[in-house]
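Enquirer: Predicted model follows, preceded by the sequence.
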Amino acid sequence: MSALTEMESDTASVIRLDDAERAELAALAGAVCDTAPGLVDDPRCVAAARALSGELPVRLRARLRHFAWDAGANASLLVRNLPVDPAAVPATPTVAGSVQRAATTPAAALLLVGMALGEVISYDKEKSGALVHDVVPVPGMESFQGNAGSTRLNMHTENAFHPLRPDFVGLLCLRNDHDDVARLRLASVRTVVPLLPEPVRAVLREPRFTIAAPASFALPPGSEEPRGLLTGSPDDPDLTVDFSSTTPLDEEAAEALRLLEKAVDRGYRELLLAPGDLALVDNRMALHGRNAFQPRYDGADRWLQRIFVHIDHRRSRALRPDGGQVLRSAARHPRTTTER
């Protein structure tokens with residue numbers, strides 16, 4: 001397999017903040033951090049981030065608004081030079097389920113950008129419902145297909161099983177791995193689908209696949225409903241798949257899934273994230289994954305912070321009984337008009 005060139009060569013997919021814009025964002029993040037009690041999950045900090053997101057640097061706000069309208073051919077946006085000071089980043093966490101509760105400058109900046117796109121949300125069964133997740137390698141979980149692993153992470157839609165999966169995923173780099181080899185992999189449906197013949201696309205649109213939920217969501221065995229992997233417009237579809245948890249229901253569907261994965265392997269891009277780089281991924285249109293890297297567990301391993309964003313906050317209201325940001329689990333997830 002071979003990757004395409006990095007997004008850095010595509011100026012439509014990259015915005016680099018200048019020093020003045022970085023300082024503006026840092027000041028806004030500082031205001032969020034100063035909001036008592038200084039916890040990013042607290043409703044008061046969330047409200048502050050929501051209000052202050054309207055004061056982000058004009059050029060950044062314009063690019064985020066355009067990205068929310070149309071994520072482009074790559075279905076992703078790289079925002080560079082966010083206020084992350086590598087010298088001030090503490091030791092990389094090494095425990096499973098690690099999250100960021102304290103309102104640090106990077107976490108607050110991440111929250112501000114997320115709120116400019118929509119509403120930052122979380123799931124009660126994932127990372128204890130925290131809004132800002134740590135993506136770090138964990139000792140003993142090297143082969144885990146998830147954010148705690150360090151082996152090759154298969155391409156996937158985030159929370160592909162969930163009818164209210166994130167619209168956007170944000171990944172902010174605090175530090176990369178020691179050898180600077182860990183790369184985010186991205187594959188846009190607008191690149192992948194043209195590589196598939198129409199009969200294969202037709203199979204992928206049909207409800208001939210299931211996608212399993214992680215054990216932490218405690219869904220009843222066999223509760224997955226058959227679904228298609230391509231939905232929406234035939235000319236510009238959405239793609240939902242996780243190559244670690246998607247099961248075809250017949251031989252023709254299995255072959256279509258194999259050809260889809262082969263097309264993804266041909267059409268993905270790689271992105272080397274540096275401290276202060278924020279990758280925004282349209283989770284409706286793009287898959288993401290990662291190549292393997294070697295952690296040392298010495299406090300200086302790769303550390304990303306992650307958020308999930310919904311554009312339509314009202315759509316998840318039934319799973320947010322307190323009206324907050326955290327989606328509660330149900331025995332069987334409600335179907336929505338977005339499922340076809």
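Expert: Yes, it's here.

Enquirer: residue ranges with poor pLDDT in the protein?
Expert: With pLDDT under 70 as the threshold, the chain has low-confidence stretches at 1-12, 330-340.

Enquirer: Nearest residue to Asp167 in space, ignoring adjacent ones along the chain?
Expert: Ile311 (4.8 Å; CB to CB, 6 or more residues apart in numbering). Backbone N, C-alpha and C define where each C-beta goes, glycine included.

Enquirer: and the one you found, how many residues sit next to it?
Expert: 13 (other CB atoms under 10 Å).

Enquirer: My read is that it contacts Met115, right?
Expert: No - Ile311 is beyond contact range of Met115, at 11.8 Å (criterion: CB atoms under 8 Å).

Enquirer: about what we covered before: phi, psi of the residue nearest to Asp167?
Expert: phi -80, psi -40 (degrees, to the nearest 10).

Enquirer: got the contact list for it?
Expert: Contact analysis of Ile311 by CB atoms under 8 Å, 6 or more residues apart in numbering lists 68, 117-119, 167-168.

Enquirer: Please apply the same query to Val132.
Expert: For Val132, the contact set (CB under 8 Å, 6+ apart) comprises 40-41, 99-101, 107, 110-111, 305-307.

Enquirer: what about 6 Å?
Expert: 40, 100, 107, 305 (CB atoms under 6 Å, 6 or more residues apart in numbering).

Enquirer: Assumed the third one was part of a helix.
Expert: Yes - judged by DSSP: H, G, I helix; E, B strand; the rest coil, Ala107 forms part of a helix.

Enquirer: and it, what does it touch?
Expert: Residues counted as contacts of Ala107 (CB under 6 Å, 6+ apart) are 40, 100, 132.

Enquirer: residue boundaries of the strands in the stretch 51-200 of the chain?
Expert: 76-80, 119-123, 133-135, 153-156, 168-175, 184-188 (DSSP state E, counting those that start in this stretch).

Enquirer: Could I get those strands in TSV, plus columns for mean neighbour count and distance to Leu260?
Expert: Shown next, in TSV, are the strands of the stretch 51-200 of the chain (neighbours: other CB atoms under 10 Å; distance: least, CB to CB, whole Å):
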stretch	mean neighbour count	distance to Leu260
strand 76-80	23	19
strand 119-123	23	26
strand 133-135	21	25
strand 153-156	20	10
strand 168-175	24	20
strand 184-188	25	10
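
Enquirer: and Gly323, which of these is closest to it?
Expert: strand 119-123 (11.4 Å; CB to CB).

Enquirer: send the alpha carbons of that closest one over as PDB?
Expert: Taking Å, rounded to 0.1, in the frame of the first residue of the first chain, the C-alpha atoms of strand 119-123 are listed here in PDB:
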ATOM      1  CA  GLU A 119     -21.400  21.500  20.500                       C
ATOM      2  CA  VAL A 120     -18.600  19.400  22.200                       C
ATOM      3  CA  ILE A 121     -20.200  16.200  23.500                       C
ATOM      4  CA  SER A 122     -19.200  12.900  25.100                       C
ATOM      5  CA  TYR A 123     -20.600   9.500  25.900                       C
END
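
Enquirer: strand partners of it, parallel vs antiparallel please.
Expert: strand 303-310 (antiparallel), strand 326-327 (parallel) (DSSP bridges).

Enquirer: Give me the contacts around the first one.
Expert: It stands for strand 303-310. 92, 100, 110, 114, 117-121, 132-133, 135-136, 166-168, 170-175.

Enquirer: can you give me the helices in the stretch 101-250 of the chain?
Expert: For the stretch 101-250 of the chain, applying DSSP state H, counting those that start in this stretch gives helices covering 105-117, 189-192, 198-205.

Enquirer: Please identify the most buried of the ones you listed.
Expert: helix 105-117 (a mean of 26; mean count of other CB atoms under 10 Å).

Enquirer: what's the angle from that one to strand 303-310?
Expert: 20 degrees (axes from the mean of the first three to the mean of the last three CA atoms, to 10 degrees).

Enquirer: If we ignore the residues flanking it in sequence, what's nearest Leu272?
Expert: Arg183 (5.2 Å).

Enquirer: Surely the one you found and Gly289 touch.
Expert: No - the pair Arg183 / Gly289 is not scored as a contact, 9.7 Å apart, by CB atoms under 6 Å.

Enquirer: quick one: the closest residue to Gln305 other than its chain neighbours from Thr151, how far?
Expert: The shortest distance from Gln305 to any non-neighbouring residue, by CB to CB, 6+ apart, is to Leu172 (4.8 Å). Leu172 is 22 Å from Thr151, where distance means CB to CB, to the nearest Å.

Enquirer: Specify the residue positioned farthest from the middle of the chain.
Expert: Most distant residue from the mean C-alpha position of the chain: Glu251, 30.9 Å away (CA atoms, centre = their mean).
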